[in-house]
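> can't give you the sequence, but here's the structure:
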């Protein structure tokens, strides 16, 4: 595990930035590093989280929209804190279709039939629609009471990387690979001694390949094996 300062020093060593003054300032390197951690989250799927404050969404009686943090990349699960019941996460295209969703107790309920998209009758939160408005969830029906929604998410980093940062938010085995994105940005710097389009493109490609690999590894690790039951045996 490396600290941001240690990765900065490794960057200077890798690119042989021994000039005085250096080709890249500390401030520039930390900007590259911050962008690298964020890009790793965007391309790799994000940081799994269920405990940060951004995973707690407040609903007030009468609400039809719930604000959620722009650092959330994907909602994986949503439950009402009041009773632990599951809240369905829907796309707008799901509405107006004869569709059925099953709750925690195996009871099926239809959110929309006959082209009706949203109910005007206040109800407990049973479903939210993503993607209609930036950083807002649309409730299927107005909230009948105050409640809290507990989310499991994939998210962006909560804090920027700066010279005073002491830790990364992504796992330790990814830290060194951030160097490829940092070098990509460093060689884009418009300066006779730093600009190198060919190397910039090369390091960008290496970084993107690593993000793909990291995402595939995570998906394999998180995949739950499902046993298949065959009838008649």
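Arrived safely, thanks for sending. Just so it is clear, the structure is predicted and the values come from calculations on it, not from any experiment. Residues are numbered from 1 along each chain as shown.
> next, residue 38: secondary structure please.
Three-state call for residue 38 (DSSP: H, G, I helix; E, B strand; the rest coil): helix.
> show me the shaky parts of this protein.
Residue ranges of the chain with pLDDT under 70: 95-117, 225-233.
> could I get the full set of helices for this protein?
Per DSSP state H, the chain carries helices over the ranges 4-14, 26-44, 178-186, 197-222.
> check which residues of the longest one are buried.
Okay, so that is helix 197-222. 200, 203, 204, 206, 207, 208, 210, 211, 214, 218 (16 or more other Cβ atoms under 10 Å). Quick note: C-beta positions are derived from backbone N, CA and C, even for glycine.
> now stretch 38-57
For stretch 38-57, burial by neighbour count (16+ other Cβ under 10 Å) applies to 38-41, 43-47, 49, 54-55, 57.
> ends of it, how far apart?
Terminal residues of stretch 38-57 are spaced 23 Å apart (Cα to Cα, to the nearest Å).
> return the distance of that stretch from the chain's centre.
The gap between where stretch 38-57 is centred and where its chain is centred comes out at 4 Å by Cα atoms, centre = their mean, to the nearest Å.
> for stretch 173-182, same thing?
On Cα atoms, centre = their mean, the centre of stretch 173-182 falls 18 Å from that of its chain.
> could you do stretch 172-180 as well?
18 Å.
> list the buried residues in it.
174, 175, 177, 178, 179, 180.
> save those as JSON lines, and put in distance to residue 62 too.
Putting those into JSON lines (distance: Cβ to Cβ, whole Å) gives the following:
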{"residue": "174", "distance to residue 62": "43"}
{"residue": "175", "distance to residue 62": "46"}
{"residue": "177", "distance to residue 62": "47"}
{"residue": "178", "distance to residue 62": "45"}
{"residue": "179", "distance to residue 62": "50"}
{"residue": "180", "distance to residue 62": "49"}
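> which one of those sits closest to residue 34?
Among the buried residues of stretch 172-180, residue 178 lies closest to residue 34 (Cβ to Cβ), at 9.7 Å.
> need the buried residues of stretch 38-57 in a markdown table with distance to residue 128, can you?
Shown next, in a markdown table, are the buried residues of stretch 38-57 (distance: Cβ to Cβ, whole Å):
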| residue | distance to residue 128 |
| --- | --- |
| 38 | 26 |
| 39 | 28 |
| 40 | 28 |
| 41 | 23 |
| 43 | 26 |
| 44 | 25 |
| 45 | 21 |
| 46 | 19 |
| 47 | 22 |
| 49 | 18 |
| 54 | 15 |
| 55 | 14 |
| 57 | 9 |
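> sounds good, over and out.
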